[in-house]
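1. Model the structure of this input:
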Amino acid sequence: MIKRILICTDLDRTLLPNGRQPESPGARATFARLVARPEVTLAYVSGRHRALVEDAIREYGLPLPDWVIGDVGTTIYQVHAGEWRHWTEWEQDIATDWRGLTADDLRPLFADLPSLRLQEEAKQNRYKLSYYLPLQTDIDALQREMLRRLETQQLAAGLIYSVDEATSTGLLDVLPAHATKLHAVEFLMQQQGFDYANTVFAGDSGNDLPVLASMIQSVLVANAEVDVVEQAKTQARKQGTMAAFYLAQGRFLGMNGNYSAGIVEGVAHYHPDIRVWMEQDREQ
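-> Okay, the predicted model is just below:
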């Protein structure tokens, strides 16, 4: 029996059933029983900022996590007894990428690019510069130009593009190069004594791809868009990490593999001992 396991999951359209596909009845309750086990450490990994993560927890009746990696990997909070502690160690780790500058300092670099529209101030932070853009934008050309400007300023940065399906809007985040979901999860693993064998990550969208294609055991929920599925498979094959990638199929415990059903299916795939427990729990 595994002694400790770190379960990291994206929120929107991964744990939260706020996509177009249906949620299996009882799936979130099954997920809640799984993460309530004493050997489980739970981390939410989301593009949302803290207030929106708290909103999701209340609205969907989610278990309170032990950790929250928010703002697309630019913030980490430790959650204990309802108290949220901002983990400054993480911000110190990523700050060197921008040589002392902040997201506010970077705004003038892109002010003349017509396709970019700044997101609301609540969605910005010290190390996250976020934009909306039309879906018809030539995203590859735009990202090349933005990266050229950043490199000219000797700034190590990454660009994360995803799509808000609810509004059919493109989302683009400018982050320090190390401020990805992948590096944030790896930082949490290292600091808390977890490794690749006892960590599982679940996601559904473009900004989850770096983790989905990494050496971290990952699951792509069944409701993920077809293009994300293909990109995840392509990147995992290229990096030689297909053994650490799982696409939820459905049918586990009679569920459809969407959202939380896909998460528990993925955990069961990597950890047969947990699978046995969940099957027994379901029968009871």
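
2. quick one: Asp281 and Ile274, what's the gap?
-> Separation of Asp281 from Ile274 (CB to CB, to the nearest Å): 10 Å. For glycine as for every other residue, the C-beta is placed from the backbone atoms N, C-alpha and C.

3. Compare those two (neighbour count), which wins?
-> It is Ile274, of Asp281 and Ile274, that has more neighbours when counted by other CB atoms under 10 Å, with 22 against 13.

4. Please, which helix or strand holds that one?
-> Using DSSP states H and E, Ile274 sits within helix 272-283.

5. Give me the contact list for that helix.
-> Here helix 272-283 makes contact (CB atoms under 8 Å, 6 or more residues apart in numbering) with 1-2, 5, 30, 33-34, 37, 253, 264, 267-269.

6. Excluding sequence neighbours, find me the nearest residue to Ala261.
-> Met255 (3.6 Å; CB to CB, 6 or more residues apart in numbering).

7. What is the neighbour count of that neighbour?
-> Around Met255 there are 23 other residues, counting by other CB under 10 Å.

8. Next up, the contacts around it.
-> Neighbouring residues of Met255 by CB under 8 Å, 6+ apart: 24, 26-27, 30, 261, 264-265.

9. Phi, psi for it please.
-> For Met255, the backbone dihedrals are phi -100, psi 170 (criterion: degrees, to the nearest 10).

10. Would you quantify the distance from it to Val35?
-> Met255 is 16 Å from Val35, by CB to CB.

11. How about Val185?
-> For Val185 relative to Val35 (CB to CB), the value is 16 Å.

12. Looking at those two, which has the bigger crowd around it?
-> Neighbour count, other CB under 10 Å: between Val185 and Val35, Val185 has more, with 26 against 21.

13. Which neighbouring elements make contact with the helix or strand harbouring that one?
-> Per DSSP H and E: Val185 is located in helix 181-192. Counting contacts by 3 or more CB pairs under 8 Å, 6 or more residues apart in numbering; DSSP states H and E, helix 181-192 is packed against strand 5-9, strand 40-45, strand 67-70, strand 75-80, helix 88-95, strand 199-203, helix 209-212.

14. quick one, that helix and strand 5-9 angle?
-> Angle of helix 181-192 versus strand 5-9, following axes from the mean of the first three to the mean of the last three CA atoms, to 10 degrees, is 150 degrees.

15. and helix 181-192, what's its mean pLDDT?
-> Helix 181-192 carries an average pLDDT of 95.

16. hang on, the earlier thing: give me whichever of the helices and strands packed on helix 181-192 is most buried.
-> Counting by mean count of other CB atoms under 10 Å, strand 199-203 has the highest mean neighbour count of the helices and strands packed on helix 181-192, with a mean of 27.

17. Okay, now the sheet partners of that one, with direction.
-> Strand 199-203 has the following strand partners under DSSP bridges: strand 5-9 (parallel), strand 217-220 (parallel).

18. Just send these back as a markdown table, with mean pLDDT too.
-> Shown next, in a markdown table, are those (pLDDT from 0 to 100):
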| stretch | mean pLDDT |
| --- | --- |
| strand 5-9 | 98 |
| strand 217-220 | 98 |
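
19. could I get these as a markdown table with distance to Thr152?
-> Below are those laid out as a markdown table (distance: least, CB to CB, whole Å):
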| stretch | distance to Thr152 |
| --- | --- |
| strand 5-9 | 35 |
| strand 217-220 | 35 |
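
20. looking at those, which is closest to Val229?
-> Comparing those against Val229 with CB to CB, the closest turns out to be strand 217-220 (6.3 Å).

21. before we move on, back to that, neighbour-wise, which one of the contacts of helix 272-283 leads?
-> Ranked by neighbour count (other CB under 10 Å), these have Val264 at the top, with 28 neighbours.

22. What helices and strands are in contact with the helix or strand hosting that residue?
-> Assessed by DSSP H and E, Val264 sits inside helix 260-270. Helix 260-270 is packed against strand 5-9, helix 27-35, strand 199-203, strand 217-220, strand 245-247, helix 272-283, with contacts defined by 3+ CB pairs under 8 Å, 6+ apart.

23. okay if I get those as JSON lines plus distance to Ile69?
-> Shown next, in JSON lines, are the helices and strands packed on helix 260-270 (distance: least, CB to CB, whole Å):
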{"stretch": "strand 5-9", "distance to Ile69": "7"}
{"stretch": "helix 27-35", "distance to Ile69": "16"}
{"stretch": "strand 199-203", "distance to Ile69": "10"}
{"stretch": "strand 217-220", "distance to Ile69": "15"}
{"stretch": "strand 245-247", "distance to Ile69": "20"}
{"stretch": "helix 272-283", "distance to Ile69": "22"}
